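[1] Got a predicted structure plus its sequence, pasted below:
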Amino acid sequence: MNSSVHDAAVVGRHTRFTDLLWDRTTVLRDAIDELEFLRRLGDGTLPLDVFRTYIEQDFLYLTGYAKALSLVAAHAPDPVAAGFWANSAATAATVEASLHQNLLSGGKLPASDAQPQHSQACLGYVSYLTAVAATEPYPVAAAAVLPCFWIYADVGRRLAASAREVLSADPSHPYAQWVTTYDAEEFHAAVATARELVDAAADAATEAQREAMIEAFIVASRYELLFWDTALNEQKWPKS
């Protein structure tokens, strides 16, 4: 079955365009669920220096992601959509970034004087999102930024359950408390809104744009996998 026929069947079965996006990334999401990094993050056995690296990279990512979300907001078709993406950009740039900074400077993680540099996966991800948000039509840009909301929440719900078991045994665990925030209800509410906006964008899009939306969602999902994996399995830049 070719992809267009498969996609039409999925839309007919699920009725929502975002269900099609979810269906098309099943293999990638299964690979994410199997990552050693996420398993050890959830059960509290991830080395603290690796967790610091992840938080540093996530802080760098949030700066770029906020810019991409701001661009999506600027091209949104109505004030409600623009307000949601703009508020999400502000949250990423201030609230979430502040939580990361507090973790890095709070004394619970190994100290480091090195200036964090973007990993290959992090730089590739934020560069891709910024480029799509700046140059592609709004529906495609909205689809590209959705995996960070949705996959993060999907993975986070399972991580949070594991982290609560860690906290019951060790309330002072240096980052299990942070992991439980992955399951915050307000974050899942934001995911629901983001999905609704992408569904609405797909309804108003051309067929070519809907195909581009699928591709953007898949590429961003690939970067989600790479971003998490390279926190534990570092890919070094060539020496300069």
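    Everything's here; your move. This is a predicted model, so every value here is computed, not measured.
[2] Setting the sequence-adjacent residues aside, check what's closest to residue 147.
    Computed as C-beta to C-beta, 6 or more residues apart in numbering, the closest residue to residue 147 that is not its neighbour in sequence is residue 220, at 4.3 Å. In short, each C-beta sits where N, CA and C put it, glycine included.
[3] How about the strand or helix carrying that neighbour, which residues are buried there?
    Using DSSP states H and E, residue 220 maps to helix 207-232. Residues of helix 207-232 classed as buried by neighbour count (16 or more other C-beta atoms under 10 Å): 209-210, 212-214, 216-232.
[4] could you point out where this protein is predicted with low confidence?
    1-14, 177 (pLDDT under 70).
[5] mind running it again at 80?
    Low-confidence segments of the chain (pLDDT under 80): 1-14, 95-102, 104-108, 172, 174-183.
[6] quick one: the helices in this protein?
    3-14, 17-24, 26-33, 36-43, 48-74, 79-90, 97-105, 120-135, 138-169, 176-180, 185-204, 207-232 (DSSP state H).
[7] Spatially central residue for the chain, please.
    With distances taken as C-alpha atoms, centre = their mean, residue 148 lies nearest the centre of the chain, 2.1 Å away.
[8] thinking that residue is in contact with residue 65, fair?
    Yes - the criterion here is C-beta atoms under 8 Å, and residue 148 meets it with residue 65 at 6.3 Å.
[9] re the thing from before, closest one to residue 112 among the helices of the chain?
    helix 48-74 (6.5 Å; C-beta to C-beta).
[10] in the closest one, what's buried?
    Buried, per 16+ other C-beta under 10 Å, within helix 48-74: 50-62, 64-73.
[11] that older thread, turn the helices of the chain into TSV, columns for distance to residue 111.
    Rendered in TSV, the data for the helices of the chain read as follows (distance: least, C-beta to C-beta, whole Å):
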stretch	distance to residue 111
helix 3-14	49
helix 17-24	41
helix 26-33	30
helix 36-43	21
helix 48-74	9
helix 79-90	30
helix 97-105	9
helix 120-135	22
helix 138-169	23
helix 176-180	18
helix 185-204	30
helix 207-232	18
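[12] just to revisit the earlier point, ok, so what distance separates the residue nearest to residue 147 from residue 83?
    To residue 83, residue 220 is 22 Å away according to C-beta to C-beta, to the nearest Å.
[13] Check the offset of stretch 121-137 from the chain's centre.
    13 Å (C-alpha atoms, centre = their mean, to the nearest Å).
[14] Just the residues contacting it, thanks.
    57, 60-61, 63-65, 67-69, 71-72, 75, 118, 140-141, 144-145, 205, 209, 212, 216, 219-220, 223-224, 226-227, 229-230, 235 (C-beta atoms under 8 Å, 6 or more residues apart in numbering).
[15] please redo it, this time with the cut-off set to 6 Å
    57, 60-61, 64, 67-68, 71-72, 141, 144, 209, 216, 223, 226-227, 230 (C-beta atoms under 6 Å, 6 or more residues apart in numbering).
[16] quick one: contacts for residue 209?
    Applying C-beta under 6 Å, 6+ apart, the residues contacting residue 209 are 137, 139.
[17] try 8 Å
    137, 139-140.
[18] Torsion angles phi and psi at residue 113?
    Main-chain dihedrals, residue 113, degrees, to the nearest 10: phi -100, psi -10.
[19] count of residues packed around it?
    Neighbours of residue 113 under the rule other C-beta atoms under 10 Å: 4.
[20] And residue 129, by the same measure?
    Residue 129 has 27 nearby residues by other C-beta under 10 Å.
[21] hmm, back to that, and the helix holding residue 220, how far out from the chain's middle?
    Using C-alpha atoms, centre = their mean, the offset of helix 207-232 from its chain centre is 10 Å.
[22] What is the burial count for residue 162?
    Neighbour tally, residue 162, other C-beta under 10 Å: 19.
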